[in-house]
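J.: turn this into a model:
(one chain, ligands or ions: 2)
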Amino acid sequence: MRPGSGTGSETQVAKKTVRDVDVRGRRVLVRVDFNVPLDQGRVADDTRIRAALPTIRYLVERGARVILVSHLGRPKGKVEDRYRLDPVARRLGELLGREVVKTDDCVGPEVEAAVARLRDGDVLLLENVRFHPEEEKNDEGFARKLASLADIYVNDAFGAAHRAHASTVGVAEFLPAVAGFLMEKELAMLGRLLADPEPPFVAVLGGAKISDKIGVIENLLGRVQALLVGGGMANTFLRARGLALGKSLVEVDKVDLARELLARAQERGVELLLPEDAVAAPAEAPATDRREVPVTEVPEEWMILDIGPATADRFAVAVKTARTVFWNGPMGVFEMAGFERGTEAVARAVADSGALSVVGGGDTVAAVERAGVADRITHLSTGGGASLEFLEGRDLPGVAVLQEG
Ligand code: ADP
Ligand code: MG
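T.: Ligands and ions are numbered 1, 2, ... in the order given. Just a heads-up that it's a prediction; the model follows:
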């Protein structure tokens, strides 16, 4: 896939995948993103494990010796029992319907012995790679040790591809490096938003802060026909238009930037929609007073916690006319009862649009699932930070090192 003008380039070049290499009888080191929530020694949400199954099954069926490596949480280079991957190995074994051997480290003699015992089609899960400080430093010696376990490297951890670590970048120097199916799908879906989006292309952005998403807004302004802004982020734009907004979350140091982005949208002929009404309350709390007000009339001691019904309707209409939709960031404090309606309305509109729809961001994907419309979205991205960096047009280091197809 070739980039459109001014895109991050390297990341958009088609990459070789597991389909392009002969894996039978070979030791294949697969970087997966098994950074899942745990609850009392069990996997609380196995979405990320399921997302890696197509690649793992493919390798097993073709008689590869599969060695999986992942991080979990932030153990900061030390062994922490609560971040061990044993519950993940159990859950993966259940999902695959076969034994998954798990080692207590990711390098060293125990691991080498376990790898040596692997037969074709076996699956081994290494211990949390972030127990070693060398991982996040992308230490060459450590990367070499990891690489020495295998003959081929597969990166299927799109969610970690924006990090230049030993298991995402370093190992690729010592082994033939290709993409797994999840990585391939993420690059294809997100790539379509940048390279060749069918118009009208409508982006919906929300979440707490504008500062997390400046790069995305800037890069999308050159590609979309309309940009709908909700969530806490919209407040900073509304302030740039001179509104008071009571105690609402406003990033005061980003107001000038917001004004500049509004001007740029206008120059480019991009329709930038901001909330006209809001659900406001005296505090970010569930059992509180709540009122629907025009954004020009937020009481002084109150704050905006959701978009209002008129805004939700207008956003829904804009989304339904789209042929391509990207959505990141909830429209309000959706995790709290009373402030979830705007986000639900957008979720339904995206699902009903019939557009090619891509949703990114941990909270936004959770909101789509809660609204019960996940199966009507074209692609739910598994990479939070990675998908945003991709849409900023940046090269992801974990993608750049993969062989070109
Ligand atoms: P994602 O994880 O999908 O990328 P973000 O993490 O950027 O989304 O944003 C989600 C957070 O934004 C939620 O915790 C939500 O409560 C918060 N949020 C949304 N609207 C507001 C608002 N009006 N005021 C304060 N916080 C908000
Ligand atoms: Mg979030």
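J.: let me know the secondary structure of Thr296.
T.: helix (DSSP: H, G, I helix; E, B strand; the rest coil).
J.: what about it, how many neighbours?
T.: Thr296 sits with 13 neighbouring residues when counted by other C-beta atoms under 10 Å. (C-beta placed from N, C-alpha, C; glycine too.)
J.: need the contact list for the closest residue to it other than its chain neighbours.
T.: Once flanking residues are discounted, Thr296 sits nearest to Leu243: 6.2 Å by C-beta to C-beta, 6 or more residues apart in numbering. Residues in contact with Leu243 (C-beta atoms under 8 Å, 6 or more residues apart in numbering) are 295-296, 298.
J.: backbone dihedrals for Leu243, please?
T.: Backbone torsions of Leu243, given as degrees, to the nearest 10, read phi -80, psi 150.
J.: now the strands: where do they sit in the stretch 251-400 of the chain?
T.: 271-273, 277-281, 291-294, 303-307, 324-328, 356-360, 379-380 (DSSP state E, counting those that start in this stretch).
J.: closest one to Gly231 among those strands?
T.: strand 303-307 (8.0 Å; C-beta to C-beta).
J.: let me know the angle separating the closest one from strand 277-281.
T.: 130 degrees (axes from the mean of the first three to the mean of the last three C-alpha atoms, to 10 degrees).
J.: what pairs with strand 303-307, parallel or antiparallel?
T.: strand 277-281 (antiparallel) (DSSP bridges).
J.: contacts for the partner strand, please.
T.: Residues from elsewhere that reach strand 277-281 (C-beta under 8 Å, 6+ apart): 246, 248, 288-295, 298-299, 302-311, 332, 338-339, 341-342.
J.: buried subset of those as a PyMOL selection?
T.: Those of the contacts of strand 277-281 that count as buried under 16 or more other C-beta atoms under 10 Å are selected in PyMOL with:
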select buried, resi 246+248+290+293+295+298+302+303+304+305+306+307+308+311+332+338+339+341+342
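J.: quick one: what helix or strand has Val30 in it?
T.: According to DSSP states H and E, Val30 maps onto strand 27-31.
J.: whoops, Val111 was the one
T.: helix 109-117.
J.: helices or strands up against the strand holding Val30?
T.: helix 47-61, strand 65-69, strand 152-155 (3 or more C-beta pairs under 8 Å, 6 or more residues apart in numbering; DSSP states H and E).
J.: which residues does that strand contact?
T.: 18, 52, 55-56, 59, 64-70, 115, 118, 146-147, 149-157, 160, 167-168, 171, 175, 180, 398.
J.: now do the helices in the protein.
T.: Under the criterion DSSP state H, helices of the chain are mapped to 47-61, 86-96, 109-117, 133-136, 140-147, 181-195, 214-221, 231-240, 255-268, 309-320, 341-352, 362-370, 384-391, 397-400.
J.: turn those helices into CSV, columns for distance to Val28 and mean pLDDT.
T.: Converted to CSV, those look like this (distance: least, C-beta to C-beta, whole Å; pLDDT from 0 to 100):
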stretch, distance to Val28, mean pLDDT
helix 47-61, 6, 97
helix 86-96, 15, 98
helix 109-117, 11, 98
helix 133-136, 19, 98
helix 140-147, 12, 98
helix 181-195, 13, 96
helix 214-221, 34, 95
helix 231-240, 41, 97
helix 255-268, 45, 97
helix 309-320, 41, 98
helix 341-352, 37, 98
helix 362-370, 29, 95
helix 384-391, 22, 94
helix 397-400, 17, 98
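J.: hmm, Arg50 and Val36 touching each other?
T.: No - Val36 is beyond contact range of Arg50, at 10.1 Å (criterion: C-beta atoms under 8 Å).
J.: now Phe174. Nearest residue, chain neighbours left out?
T.: Ala147 (3.7 Å).
J.: again, but for Val100
T.: Per C-beta to C-beta, 6+ apart, closest to Val100 is Gly93, 4.2 Å.
J.: with Gly141 instead?
T.: Per C-beta to C-beta, 6+ apart, closest to Gly141 is Glu134, 7.1 Å.
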